[in-house]
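Colleague: need a structure here:
(2 chains)
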Amino acid sequence: MYVAAKGGEEAIQNSEALYGALNGALTLDMVRAIQEGMPYLVDRVMGEGSLYAPELAALALAQTGGDLYEAVLLLRAYRATQPRIAYAHATSADKLFTVRRISAAFKDIPGGQVLGPSLDYSHRLLRLDVLDEERAALNREDAETTSVGTRHASSVSAPSAVQSIPSSVTNTTDAMNGVPTSTYPALADWQRAQGLLPPTEPEQIAPADIPDVTTDTVMFPAPRAHRLQALARADTGGVLALGYSIMRGYGLIHPTVNELRLGYSEVELTHPVTGAVFSVGRVRVSQCEVITPDAGKQGYMLGFAATMGWNEVKLIAASTLDMDMAANDGDGHAAHSEEFVMYHTEPVEASGFCIHFKLPHYVTFASSLDNIRKMAAAVGWDDGKGAQTPGPSAAMDEAEQVG
Amino acid sequence: MSFPQSQYLSILTHAPAEQVKQTAEALLNSLGDITVLVNRTGLVMLPYTDTVKGSRFHLGEVLVSESRVRIGAGTEGYAACLGRDLEQSLAIALIDAALQADIATESLTAFVTAQANAQREADAALLHEVEKTRVELETF
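Modeller: Presented below is the predicted three-dimensional model:
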């Protein structure tokens, strides 16, 4: 039973003030530092928040002290205040301005493989030298000057070309000028040409008619559009846990990454007056396919997932889940169930339900406490103390009367 | 060099916001009466294509600022760009209207050309960095 509670306004205000004091001042500099220095964290918040807005995602992270679920909630809440003004033209892998494309299934794929920006092949060692050098420089500076309070930026930065968001102009191979290609064909298309995958055609549907989990009632079995949208905005940790359970032994498949791709997608709109199609900007997107032999048919089957932002681990796990849900063998494991996966990897609903348990449940708990005491008295467990000593329930009754 | 509308709008939306605003600011006196029809932030849903079955699905929404203006004799300019900078989209919409009405075409085309070159160079620089990571794998 839910009842309203009130009281504690001063304590709540002091609590928020303490939170702010312990997390440091919320400043534009901090927001910019997060946006520029932690793009993968910003991507994760945007992906799960289902809203591409790097500055706002960085603000959400700064405002919440880096609490991911709170940051995602803030972004989703902001999203709810904005009207949907248009649908962009549909895009696809072969149109992406691609900066990373690898395959674990084939070493020679049409267009080749580029590692792009990645730490996959690096030593996982903390760069303590950065701290030591910065600290030494700071100490030297402190010794030379009496100024205090200056924030020192990290000396580590990515190459400028990698940090900059590329523009809209160069989208094709420019062999005459020696500029490498920015687009790559879909590996799956080549596999279909080889007869390794069943043929398929892009669905012809107006963007506004695509099923949408943010406005539709989700029913099961869900339309594929619902499943893929839900995975795109799913909680990274939740998807990873369920996907890992399949990889580790609760699935009947061994996923192999067919193609993993990071890139930028143009967001194309139609000019409402002239009908010209133009790009309003580029957004970071990533997609992954996993492949496994299709036990029921000749050839292979694919799993697929994509999201806004670059989030490789989420997509490998999500595409594995997609494949396993498609091949649901009916053994009852949770990760094979579309309903289980979609409902339990929704970050705002899951985290919201979880943290609501810390909010006052006094009446509910008092009710169960009364029942326990009645039972104890009925079977003779009560030694008399419970009836004589004012317990939490009685104390709350007083508080509620005062409140 | 002139640009079709789809191309100059794409170049302007990718250009540094402050430079675009300064360019639009310099135009204001030559545009006649300006009516701002739309100037707001909103969401654009981005559909994506699944490679397994070719299904279309929504990847997520993108925050944009959107502006629509009418100038002088009635030419309407429009723009939308990433983020929530209403001045940026308003500036691009004004430039769009100006180019459609053939106002300050020479200077605006020069600006767009400069931006296009800068963006092409940035793209090329990034792609060269990416190309350095191309791998040729061998199996044993």
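
Colleague: check which helices and strands the helix or strand where B:Q7 lies is in contact with.
Modeller: Following DSSP states H and E, one finds B:Q7 within helix B:5-14. Using 3 or more CB pairs under 8 Å, 6 or more residues apart in numbering or on different chains; DSSP states H and E, the elements in contact with helix B:5-14 are strand A:277-293, strand B:75-82, helix B:86-100, helix B:105-131. Heads up, the C-betas are built off the backbone N, CA and C, glycines and all.

Colleague: give me that answer again for 10 Å
Modeller: On a contact count with 3 or more CB pairs under 10 Å, 6 or more residues apart in numbering or on different chains; DSSP states H and E, helix B:5-14 meets strand A:256-270, strand A:277-293, helix B:17-27, strand B:75-82, helix B:86-100, helix B:105-131.

Colleague: now the angle from the first one to strand B:75-82?
Modeller: I take that to be strand A:256-270. Counting by axes from the mean of the first three to the mean of the last three CA atoms, to 10 degrees, strand A:256-270 lies at 150 degrees to strand B:75-82.

Colleague: for strand A:256-270, buried residues please.
Modeller: Under the neighbour-count criterion of 16 or more other CB atoms under 10 Å in any protein chain shown, strand A:256-270 has A:257-270 buried.

Colleague: which stretches of the stretch 51-200 of chain A form strands?
Modeller: A:51-52, A:84-87, A:97-102, A:113-114 (DSSP state E, counting those that start in this stretch).

Colleague: who in the stretch 251-400 of chain A is up against chain B?
Modeller: A:258-259, A:263-283, A:285, A:287-289, A:301-309, A:319, A:322-323, A:326 (CB under 10 Å from any CB of the partner chain).

Colleague: list only buried entries from these.
Modeller: Those of those that meet the buried threshold are A:258-259, A:263-271, A:273-274, A:276-283, A:285, A:287-289, A:301-309, A:319, A:322-323, A:326, by 16+ other CB under 10 Å.

Colleague: give me the low-pLDDT residue ranges for chain B?
Modeller: Within chain B, the segments meeting pLDDT under 70 span B:1.

Colleague: residue of it closest to chain A, please.
Modeller: Closest contact between chain B and chain A, by CB to the nearest CB, is at B:Q119 (2.7 Å).

Colleague: give me the number of residues near that residue?
Modeller: 21 (other CB atoms under 10 Å in any protein chain shown).

Colleague: hmm, it is touching A:G281, no?
Modeller: No. Counting by CB atoms under 10 Å, B:Q119 does not reach A:G281; the two are 11.8 Å apart.

Colleague: now do the contacts for the most centrally placed residue in chain A.
Modeller: Chain A has A:E48 as the residue nearest its centroid, 3.4 Å off, counting by CA atoms, centre = their mean. Counting by CB atoms under 10 Å, 6 or more residues apart in numbering or on different chains, A:E48 touches A:57, A:68-69, A:71-73, A:75-76, A:232-239, A:307-309, A:311, A:314, A:345-348, A:351, B:60.

Colleague: helix/strand/coil for it?
Modeller: helix (DSSP: H, G, I helix; E, B strand; the rest coil).

Colleague: how far away is A:A327 from chain B?
Modeller: 12 Å (CB to the nearest CB, to the nearest Å).

Colleague: A:M247 contacts A:G303, doesn't it?
Modeller: No. Between A:M247 and A:G303 there is no contact, the gap being 11.6 Å when judged by CB under 10 Å.

Colleague: can you pull the residues that touch both of the two?
Modeller: Going by CB under 10 Å, 6+ apart, residues that sit against A:M247 and also against A:G303 are A:I253, A:P255, A:V290, A:I316, A:T320, A:D324.

Colleague: and which of those residues is nearest chain B?
Modeller: A:V290 (10.2 Å).
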